[in-house]
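A.B. asks: How does the following fold in three dimensions:
(one chain, ligands or ions: 2)
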Amino acid sequence: MPEKKRVFMCMSTDVVHGGHIEIINQAAELGELTVGVLTDEVVSAYKRYPLLSCEERMKIVAGLKGVAHVIKQTDISYREPLKTLRPDYVVHGDDWRIGFQKPVREECIRLLEEYGGKLVEFPYSRSEQYDQLESAARSQLSIPDIRRGRLRRLIEQKGMAVCMEAHTGLTGLIAEKTTVMEQGTIRQFDGMWISSLCDSTIKGKPDTELVDFSSRLNTINDIMEVTTKPIILDGDTGGLTEHFVYMVRSLERLGVSAVIIEDKTGLKKNSLFGTEVAQEQDSVENFCHKIAEGKRAQKTKDFMLIARIESLILEKGMEDALARARAYAAAGADGVMIHSRRKDPDEVFEFIRRFRTENRHTLLVVVPTSYNSVYEEEFKERGVNVVIYANHLIRSSYPAMCQTAESILRCHRAKEADEQYCMSIKNILTLIPEE
Ligand code: SPV
Ligand code: MG
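C.D. replies: Ligands and ions are numbered 1, 2, ... in the order given. Okay, here's the model as predicted:
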């Protein structure tokens, strides 16, 4: 008997439908079928956070007729399974000829050619019913109870989460959907930061806690309505402890994953002003009380309270920063955020090194706005758990809008601005499709 051909295909889905079964049947007809099931980390990096864990999905796939073997696939690239299995055929729907998977397909074809394997593509079954299934799965992810705990789990899984600021529904969509390919893997942001600076600036207001919490809640709602990724709120000082406890409950109820409050008191000014403006740090005792009360008010296990240390910003020194970190962790903070406005990262690195030698568990958060040359990988190696790009979407959109406004004024018409700076009307009309 001739040896059975080896067939390989990859699956990420947690909602198996008729379209998948059809492809599996067709693949199984070609030979002995192995299915690579993508890990949670990979699926959440390019599609959405899976509703079922990789282990559960592997069990489901293993039970499907026609599937001979199931393996865990840790990369969107086919490099590893092709190297170890050397399948005669790789099977895929033809939907990956366009879009972000195109380079994955091209690499797969190249690798198959090296040893004479073949790619077999079947028409991808698009049906309204399947689209509805996917959109139902997505809306599950935006349910508060499901969204809230995902930051914690993501950090447990990956060690570090990378967050992009969002201040409107549209910037939320950019933080949610932006995808890049990098050496056969796919990258997306893990979560969103709702910055007080950006939320104030977009309203034309200074970042002094002038934009009140009701207004901040509206921003959170706008973003939550159209996204599924975990959200960290910049809670400023948290206000009075007596008010902060209500803030914690409101955020928890909405499905926000974490709030970061800073240890300042009185009229808060943005940290990046440093000592150029009058800013007062809260007492350790008072801030610890706020943390403890916030943790006591919390109803779920998932929500996190992160204490932000302003000692380096206010030039109070490293020992003060470390003493505060110890005290805040002891008061119950799930994490500490160390802030700095120096261009070089030395003081942040020193804080991380010293804090991590005495505390392995409390989460560490950094906001590398001024020390922007450090790669995320280095933060991770040093023991950081969350990196926040705190203001980059608003800082890049404002100059672009000014350019357009100036061009129209200068030219007395919009033709030049249209051609140089604007996306087409057709593209803006279809940017947000109706559901
Ligand atoms: C914010 O984004 O509002 C922050 C971070 O609090 S910073 O602007 O660096 O103070
Ligand atoms: Mg802020």
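A.B. asks: and residue 398, how many neighbours?
C.D. replies: If you count neighbours by other Cβ atoms under 10 Å, residue 398 ends up with 12. From N, CA and C alone the C-beta is placed, and that goes for glycine too.
A.B. asks: residues contacting it?
C.D. replies: If a contact means Cβ atoms under 8 Å, 6 or more residues apart in numbering, then residue 398 has no contacts.
A.B. asks: Please renumber the chain so that the first residue is 703 from this point on.
C.D. replies: Shifting the count to begin at 703 puts that one at residue 1100.
A.B. asks: What are the buried residues along the helix or strand harbouring it?
C.D. replies: Using DSSP states H and E, residue 1100 sits in helix 1094-1113. By 16 or more other Cβ atoms under 10 Å, the buried positions in helix 1094-1113 come out as 1095, 1096, 1099, 1106, 1109, 1110.
A.B. asks: Put the alpha carbons of the helix or strand just after that helix into CSV.
C.D. replies: Scanning forward in sequence from helix 1094-1113 by DSSP H and E, the next helix or strand is helix 1117-1123. The C-alpha atoms that make up helix 1117-1123 are tabulated as CSV, following Å, rounded to 0.1, in the frame of the first residue of the first chain:
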residue,chain,number,x,y,z
LYS,A,1117,-7.9,70.6,-3.3
GLU,A,1118,-4.3,70.7,-2.0
ALA,A,1119,-5.2,69.5,1.4
ASP,A,1120,-7.4,66.7,-0.1
GLU,A,1121,-4.5,65.5,-2.2
GLN,A,1122,-1.8,65.8,0.4
TYR,A,1123,-3.2,65.1,3.8
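A.B. asks: Of all the residues in this structure, which one is nearest ligand 2?
C.D. replies: The nearest approach of the chain to ligand 2 comes at residue 898, 3.3 Å away (Cβ to the ion).
A.B. asks: How much space separates that residue from residue 842?
C.D. replies: To residue 842, residue 898 is 30 Å away according to Cβ to Cβ, to the nearest Å.
A.B. asks: which bits of this protein sit near ligand 2?
C.D. replies: 898, 936 (Cβ under 5 Å from the ion).
A.B. asks: Tell me the spacing between the residue nearest to the spatial centre of the chain and residue 1087.
C.D. replies: Centroid-nearest residue in the chain, with Cα atoms, centre = their mean: residue 892, separated by 1.7 Å. Residue 892 is 11 Å from residue 1087, where distance means Cβ to Cβ.
A.B. asks: who touches both of these two?
C.D. replies: Listed as contacting both residue 892 and residue 1087 by Cβ under 8 Å, 6+ apart are residue 863.
A.B. asks: helix, strand or coil for residue 737?
C.D. replies: Of the three states, residue 737 takes strand according to DSSP: H, G, I helix; E, B strand; the rest coil.
A.B. asks: So it versus residue 1124, what's the distance?
C.D. replies: 45 Å.
A.B. asks: Give me the more crowded residue out of residue 898 and residue 842.
C.D. replies: Legend: neighbour count by other Cβ under 10 Å for residue 898 and residue 842, higher for residue 898 (24 against 15).
A.B. asks: so that one touches residue 914, yeah?
C.D. replies: No. Contact criterion Cβ atoms under 8 Å: residue 898 and residue 914 do not qualify, at 11.3 Å.
A.B. asks: Give me the pLDDT for the residue of the chain closest to ligand 2.
C.D. replies: At residue 898, the model reports a pLDDT of 98.
A.B. asks: what separates it from residue 909, distance-wise?
C.D. replies: Residue 898 sits 5 Å away from residue 909 when distances are taken as Cβ to Cβ.
A.B. asks: got it, and residue 954?
C.D. replies: Distance, residue 954 to residue 909, by Cβ to Cβ: 24 Å.
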